[in-house]
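Chemist: I need the structure of the sequence given here:
(chains A, B, C and D)
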Protein chains: 2
Amino acid sequence: MNIGEAARTSGVSAKMIRYYEQIKLIDPPQRTETSYRTYGENDIHTLRFIRRARDLGFSVEQMKTLLALWRDRSRASADVKAIALDHIAQLEHKAAAIAAMMKTLKHLAGHCHGDDRPDCPILDDFAEAPDENSPHLPPRFGLSGLA
Amino acid sequence: MNIGEAARTSGVSAKMIRYYEQIKLIDPPQRTETSYRTYGENDIHTLRFIRRARDLGFSVEQMKTLLALWRDRSRASADVKAIALDHIAQLEHKAAAIAAMMKTLKHLAGHCHGDDRPDCPILDDFAEAPDENSPHLPPRFGLSGLA
DNA sequence: CTTGACCTTCCCATGATTGGAAGGCTTATC
DNA sequence: GATAAGCCTTCCAATCATGGGAAGGTCAAG
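Modeler: Now for the predicted structure:
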């Protein structure tokens, strides 16, 4: 099976398959005489595993560990669970940050009449809030990419 | 006030101030004879506005529009509100995606005994779920950066 | 005049992903 | 056998917001 078909059957784009190979998340597959990559059952299985993990928000680094554990028949399930719990904690952190933003924004939007007049509590807040209570943390405290 | 002090008083790093200038989010400030940037009251005010908007998750593009509306004394508050509501919708979308991931992960983790044995429902799910019900959407459907 | 703390510009890295260009291969059709 | 469509290959660039660092100029205090 060439890379296009592998992409279709695994749900991972050809671009990403090549990328995952490059960063050594997956092993280089066999090649035809003319340098075409060929994928077999096992490869597709692995790609599907990756696709599933990625859809659940795991990073490439986490997936590397998960794949290693998957292949290690003598792994301890505790190791897998620890990664999952850690990831859940990260997601919770992000969810909390988003919830906080939404709370503020909904409050502000709720007080903005939203008509032709220029008067706007949202802009007023942006302009006036000197940000006293939330001291200057490192920007976005790990929330990059959420906007 | 030079860029370091402006960074300290506005909560926006010097690096980012220069970047915002480069991408024309803010106007080039005055310079001393020796090319040092100097910032005044208005500039700090603008930087604080940006800091506040950024903390609420607005993208640079959205901030461009918000700044333009802020400076336009004849703006319609509806225009501001529309941006805010749009952003809230985006945040809600992300929150929903995160909640869905967490739900699945918590379920899987809850069924993993997490001890020395290799048996692990988490890995089993990753390996077996052929992803039938959720058809192949464009990867992460706009969730890049959440991992 | 030296030292240290600033400032300047420029380039590079991040993470996951997409896009495209330039060129080779395969397959089906004429 | 030629041709065209549709694959494949590698390489390079862009995204978004941010940080890191080098090489060199400047400023204030000792």
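
Chemist: can you pull the phi/psi pair for the residue nearest the centre of chain A?
Modeler: With distances taken as CA atoms, centre = their mean, residue A:57 lies nearest the centre of chain A, 4.0 Å away. Dihedral angles phi and psi of residue A:57 (degrees, to the nearest 10) take the values phi 90, psi 10.

Chemist: now residue A:23
Modeler: With angles defined as degrees, to the nearest 10, residue A:23 sits at phi -90, psi 10.

Chemist: do the same with the one 3 residues further on
Modeler: According to degrees, to the nearest 10, the main-chain angles of residue A:26 amount to phi -120, psi 160.

Chemist: what does residue A:30 give?
Modeler: Main-chain dihedrals, residue A:30, degrees, to the nearest 10: phi -70, psi 160.

Chemist: also the one 3 residues further on?
Modeler: Backbone geometry at residue A:33, expressed as degrees, to the nearest 10, gives phi -60, psi -30.

Chemist: isn't the residue nearest to the centre of chain A up against residue A:86?
Modeler: No: here residue A:57 lies out of contact with residue A:86, judged by CB atoms under 8 Å, at a distance of 11.8 Å. C-beta here means a position set from N, CA and C on the backbone, and glycine is covered the same way.

Chemist: need the pLDDT of residue A:128.
Modeler: Listed pLDDT for residue A:128 reads 83.

Chemist: again with residue A:135
Modeler: Residue A:135 is assigned 42 on the pLDDT scale.

Chemist: ok, now the one 5 residues further on?
Modeler: Residue A:140 carries a pLDDT score of 38 in this model.

Chemist: which parts of chain A are helices?
Modeler: Ranges of helices within chain A are A:3-10, A:14-22, A:41-55, A:60-71, A:77-110, A:121-128, based on DSSP state H.

Chemist: hey, least reliable of the ones you listed by pLDDT?
Modeler: helix A:121-128 - the lowest mean pLDDT of the helices of chain A, at a mean of 92.

Chemist: quick one: buried residues of it?
Modeler: Using 16 or more other CB atoms under 10 Å in any protein chain shown as the burial criterion, the residues of helix A:121-128 that qualify are A:121, A:122, A:123, A:125, A:126.

Chemist: ok, residue A:26 touching residue A:50?
Modeler: Yes: with contact defined as CB under 8 Å, residue A:26 counts as touching residue A:50 (7.4 Å).

Chemist: overlap in contacts, the two.
Modeler: Residues touching both residue A:26 and residue A:50 by CB atoms under 8 Å, 6 or more residues apart in numbering or on different chains: residue A:20.

Chemist: check contacts around the closest residue to residue A:115 other than its chain neighbours.
Modeler: Distances taken as CB to CB, 6 or more residues apart in numbering or on different chains put residue B:78 closest to residue A:115, at 5.7 Å, once the chain neighbours are dropped. Each residue near residue B:78 by CB under 8 Å, 6+ apart is listed here: A:114, A:115, A:116.

Chemist: what about the closest residue to residue A:82 other than its chain neighbours, how many residues nearby?
Modeler: Nearest residue to residue A:82, sequence neighbours excluded (CB to CB, 6+ apart): residue B:114, at 7.7 Å. Using other CB atoms under 10 Å in any protein chain shown, residue B:114 has 19 neighbouring residues.

Chemist: pLDDT score assigned to residue B:114?
Modeler: So residue B:114 comes in at 92 (pLDDT).

Chemist: that one against residue A:83, yeah?
Modeler: No: assessed by CB under 8 Å, residue B:114 is found out of contact with residue A:83, at 11.0 Å.

Chemist: the residue nearest to residue A:115 and residue A:110: what is the separation?
Modeler: With distances taken as CB to CB, to the nearest Å, residue B:78 is found 14 Å from residue A:110.
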